[in-house]
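**Q** Requesting a structural model of the entry that follows:
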Amino acid sequence: MALANLDLDALRTRIREAQLTNDPILATFREFARRLKQDIKPLRPYSVNAVSFVSADGGDNRLTFNPSVIELVRVVDSRGNECALDAVPNTAALAELEKRVQPGSPNVVEPLQRLCADLGVGLRHLSYLLRAAGTPGKSTGAIRCYRDIVEWAVLYDLVTHPAVQWGSDTILVRDGLLRTKSFTRSVFPKMDSKIREGVARHKNRNVRLSLVGVAKQSAVLGKLALALELEATFHRDYPCYVRVPMEIEEDCYNFDRTWLDTYETSEPDDRGRKLYQSFGNLFLVKFGDRQLDPVWPVDVAEWQVPEADKILGQLTVDAQQGFPIPDYPMCIQRAHDFAKITGLEVEVLQDMLIEAMAVGLTPGQIERLLRLKHLGRSLAALRYKEA
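**A** Residues are numbered from 1 along each chain as shown. This next block holds a predicted model:
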């Protein structure tokens, strides 16, 4: 339907009438923005060792030669250390994934194996979503969940592994908030408890280990963005932050409280258990010193909220070096650079997939396989790729 065929005056009137219904919602969020504006605090920079870890996006780490699709799960930290590596067929069933936590298995993923061993559970008990692995139509979600769990296992390893001894005050920065739907509500509290113990052990060595999660977007920031701008909440010539009250955060979500509750805020169930999927407390932070610099959602570990001023000040030093995304933690961007696989690297890995597919084929079949690889490409795609 062409724009010229629309009755623009009538449509404009209807849009205005529709917006009148939404005006009270915007007014509510503007009130939230004014509340936050009253609590804005300046950030003072503190030097610290900032380390991040990133699992590269699935689309950037997928090897495909139909009908074979192999998902690479690769977590790299901002120092260039490869923390976890796996190659998973997209049709992998749960039994195949469980080999990743079996001691002595050639497919073992060590951080994941240690996480399951410490928690005393099998891989299948970490998440309901993993149980859909190998199920048509649900495998993609299961592999995405597996990738997220491996990334959490790396965070767990960096905090709790006896061989990891941080030599100075360090801030561990997760690419994403400190909350997840990947773990069950009964397992996540066990991991939370072990992580707190790991942080406490470092503190006993006079090393302060801080945990934060930084996201590029969130439901809270998405809902509040217009109101924050209209009220000029962060229009200040210095880095600043504000803690988001629970009631405001809750108003921005349309699902249950498991995304919000932590050990400190959840109520025991009838068996005395606290069930939750988060240990983060949300802040909105502007790391830049210009009025229109970007604002980011940042989770600070719940038990470290009293030290948020210093922790966010430490993160400010790293974020102000951010490139190419300005005023976004440089350690996350550096970890992304190390984790991504592109160009020639992808071609080399694709050749590894072809080599694996050729196992068991006759010389004639291998020749046909290679002919399809090199001559069966879409000529149109190559034409426009090189244009």
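**Q** can you give me the helices in the chain?
**A** 8-38, 94-97, 110-119, 139-160, 188-204, 219-230, 246-251, 308-319, 330-339, 344-358, 363-375, 379-385 (DSSP state H).
**Q** and the shortest one, what does it pack onto?
**A** Taking 3 or more C-beta pairs under 8 Å, 6 or more residues apart in numbering; DSSP states H and E as contact, the helices and strands that helix 94-97 lies on are strand 82-89. Placement of C-beta: from N, CA and C, glycine included.
**Q** hmm, back to that, mean pLDDT lowest where, among the helices of the chain?
**A** Among the helices of the chain, helix 379-385 carries the lowest mean pLDDT, a mean of 57.
**Q** still on that earlier bit, is it possible to get TSV of the helices of the chain that adds mean neighbour count and distance to Asp175?
**A** Below are those laid out as TSV (neighbours: other C-beta atoms under 10 Å; distance: least, C-beta to C-beta, whole Å):
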stretch	mean neighbour count	distance to Asp175
helix 8-38	12	25
helix 94-97	16	23
helix 110-119	19	16
helix 139-160	22	8
helix 188-204	17	17
helix 219-230	17	16
helix 246-251	15	20
helix 308-319	23	13
helix 330-339	21	5
helix 344-358	13	21
helix 363-375	12	34
helix 379-385	9	29
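**Q** And those: which comes nearest Asp86?
**A** Asp86 lies closest, by C-beta to C-beta, to one member of the helices of the chain: helix 139-160, at 7.0 Å.
**Q** got the angle between the closest one and helix 188-204?
**A** Angle of helix 139-160 versus helix 188-204, following axes from the mean of the first three to the mean of the last three C-alpha atoms, to 10 degrees, is 30 degrees.
**Q** max-length strand in the protein?
**A** strand 68-77 (DSSP state E).
**Q** Show me what that strand pairs with in its sheet, parallel or antiparallel.
**A** strand 49-55 (antiparallel), strand 62-65 (antiparallel), strand 82-89 (antiparallel) (DSSP bridges).
**Q** Highest mean neighbour count out of the ones you listed?
**A** strand 49-55 (a mean of 23; mean count of other C-beta atoms under 10 Å).
**Q** What angle do helix 308-319 and that one make with each other?
**A** Going by the same axes, to 10 degrees, strand 49-55 makes 70 degrees with helix 308-319.
**Q** any idea how far strand 49-55 is from the chain center?
**A** What separates the centre of strand 49-55 from the centre of its chain is 12 Å, taken as C-alpha atoms, centre = their mean, to the nearest Å.
**Q** Please enumerate residues in contact with it?
**A** Under the criterion C-beta atoms under 8 Å, 6 or more residues apart in numbering, residues 73-79, 83-84, 147-148, 150-151, 154-155, 158, 166, 168-175, 314-315, 317-318, 329-332, 334-336, 338-339 lie in contact with strand 49-55.
**Q** My guess is Ala219 contacts Asp251. True?
**A** No: using C-beta atoms under 8 Å, Ala219 is not in contact with Asp251; the gap is 10.1 Å.
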